[in-house]
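heads up, no residue letters with this:
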């Protein structure tokens, strides 16, 4: 048995629950569209019981976890005998291209997780650490868009064991010959019938042919029966745009939790992206129906606490945003 270095006593390892994470590494990064563009790390986790699954974490979640562990077990704040020298976490970077920053963090965070998961048993059993590596419902429902740094898991296709007939299975016909450049890519010839297993991203599919399973570019095939539509979790922000004598409603999809409270600059940039040719202002509506212009982060507290909608809509942020043209001051004199 290959044991983490600090788990020297076999009994220490044996006492761990089967669902405790013992190894993890980053398979890819994904760009997410929220109030601002950010990147999540796609992490493959392996448990003591040999289960494997994917989780999605932002750098800020790594930072929060590390701060809690330092507070509980670090030399300065920990309580004997539960004191441990924790691995260093790569520091925050405030300036630079977000994608390049995320890419540069992959080997550093890989090393951090590897060192962290060789910690003493009492750290591996820490509630915050276990929650970090736990696969949430949101994690399990998301499908990786790509796995650049990880070979896709091998699927075993059992012959004559399909409950549905071949005519009901998602499938495609090869339009051209395709010879993969890597072991995980599926080789096929023009005219071959390929049964579809999953959508890796918008350009690549996973499928099977004869005894082979692998990924291939969608442009090389003609879809006969497509895979079920994937539903990525999304929240909605309802906006009312008061354009002189007309009020338009726009619902903006965001990959954010509806409990998220954006900063003023994040919200302003998001709305400017939605209305790129308009010099606009952000507003909220008070209980009397009058519009109040938002100017800074202090006003965001007012928006979240006082701008709540009366009837909650599923997956919608619980507050409404009203947008006006910057020079349209008459809107504040109207009875709403």
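Here it is on my side, so go on. Note that this is a predicted model, so its numbers are computed, not measured. Numbering: from 1, shown residues only.

Just to be sure, residue 72 is in a helix?
Yes. Assignment of residue 72 by DSSP: H, G, I helix; E, B strand; the rest coil places it within a helix.

so it makes contact with residue 127?
No. Look at residue 72 against residue 127 with Cβ atoms under 8 Å: they stay out of range, at 9.9 Å. (Glycine included, C-beta is placed from N, CA and C.)

More neighbours: which of those two?
Between residue 72 and residue 127, counted using other Cβ atoms under 10 Å, the more crowded position is residue 72 (19 against 9).

Near residue 114, how many other residues are there?
Using other Cβ under 10 Å, residue 114 has 14 other residues around it.

is it fair to say it lies in a helix?
Yes. Looking at residue 114 with three-state DSSP, it is inside a helix.

just so I have it, where are all the strands in this structure?
In the chain, the strands defined using DSSP state E lie at 21-33, 37-47, 52-57, 171-174, 193-199, 204-209, 212-217, 221-225, 235-243, 246-254, 280-285, 291-293, 321-325.

possible to save those strands as CSV with distance to residue 64, mean neighbour count and mean pLDDT?
Shown next, in CSV, are those (distance: least, Cβ to Cβ, whole Å; neighbours: other Cβ atoms under 10 Å; pLDDT from 0 to 100):
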stretch, distance to residue 64, mean neighbour count, mean pLDDT
strand 21-33, 17, 19, 88
strand 37-47, 14, 19, 89
strand 52-57, 10, 17, 89
strand 171-174, 43, 19, 94
strand 193-199, 32, 19, 87
strand 204-209, 33, 20, 86
strand 212-217, 34, 19, 85
strand 221-225, 42, 14, 93
strand 235-243, 21, 18, 89
strand 246-254, 21, 12, 87
strand 280-285, 29, 20, 92
strand 291-293, 33, 17, 91
strand 321-325, 28, 21, 93
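
which one of those lies closest to residue 116?
Shortest distance between residue 116 and the strands of the chain, using Cβ to Cβ, is found for strand 21-33: 8.7 Å.

which intervals of the stretch 1-150 of the chain have sub-threshold pLDDT?
1-13, 78, 145-150 (pLDDT under 70).

ranges for the helices of it?
With helices called from DSSP state H, counting those that start in this stretch, the stretch 1-150 of the chain shows them at 10-14, 59-73, 98-116, 121-124, 127-133, 137-141.
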